[in-house]
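Colleague: pasting the structure only:
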């Protein structure tokens, strides 16, 4: 085995990010990415016809994107404790609700959508 060391490289040389400009992420390859945070309805809270409407809107939006576009949807689920609203003059039912769920863990959901336009 050789005692030669491999040439070192810095983190900046390995990162594909060139810079952030006008709220867009620009890579060293010329890709331009825009990110959005989306608020989606909770599961099982909308009617089945609304699911069809949401699906049709997604299909229409994706069809409008130009060629060489990449869409990345990212869902984050984080377990956090329930924080009550602390209403001082709430009803007995709302106070009992806050007391029952106080500090119990639940899954908090965040959804992000990234659209990337790659050079042709």
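Modeller: Sure, I can see it. Source: prediction; values computed, not measured.

Colleague: tell me the SS of residue 111?
Modeller: strand (DSSP: H, G, I helix; E, B strand; the rest coil).

Colleague: what sits against it?
Modeller: Going by CB atoms under 8 Å, 6 or more residues apart in numbering, residue 111 touches 37, 38, 39, 40, 73, 74, 75, 76. Heads up, the C-betas are built off the backbone N, CA and C, glycines and all.

Colleague: what about these, which are in strands?
Modeller: Taking DSSP state E as the definition of strands, the contacts of residue 111 contribute 37, 38, 73, 74, 75, 76.

Colleague: so which of the contacts of residue 111 sits lowest on pLDDT?
Modeller: The lowest pLDDT within the contacts of residue 111 belongs to residue 40, which sits at 86.

Colleague: could you find the closest non-adjacent residue to that one?
Modeller: residue 111 (5.3 Å; CB to CB, 6 or more residues apart in numbering).

Colleague: follow-up on the earlier one: out of the ones in strands among the contacts of residue 111, who's nearest residue 118?
Modeller: Nearest to residue 118 among the ones in strands among the contacts of residue 111 is residue 73, at 17.4 Å by CB to CB.

Colleague: the closest one bridge partners, please.
Modeller: residue 113 (DSSP bridges).

Colleague: hmm, which two among the contacts of residue 111 are most spread apart?
Modeller: Checking those with CB to CB, the most distant pair is 39 and 74, at 14.2 Å.

Colleague: between those two, which one's more packed in?
Modeller: residue 74 (11 against 7; other CB atoms under 10 Å).

Colleague: show me the strands in this protein, by range?
Modeller: So, for the chain - with DSSP E - the strands run 17-21, 24-27, 32-38, 69-81, 105-117.

Colleague: strand partners of the second one, parallel vs antiparallel please.
Modeller: The pairing partners recorded for strand 24-27 under DSSP bridges are strand 17-21 (antiparallel), strand 32-38 (antiparallel).

Colleague: go through the ones you listed and name the closest to residue 94.
Modeller: Using CB to CB, the nearest of the strands paired with strand 24-27 to residue 94 is strand 32-38, at 29.0 Å.
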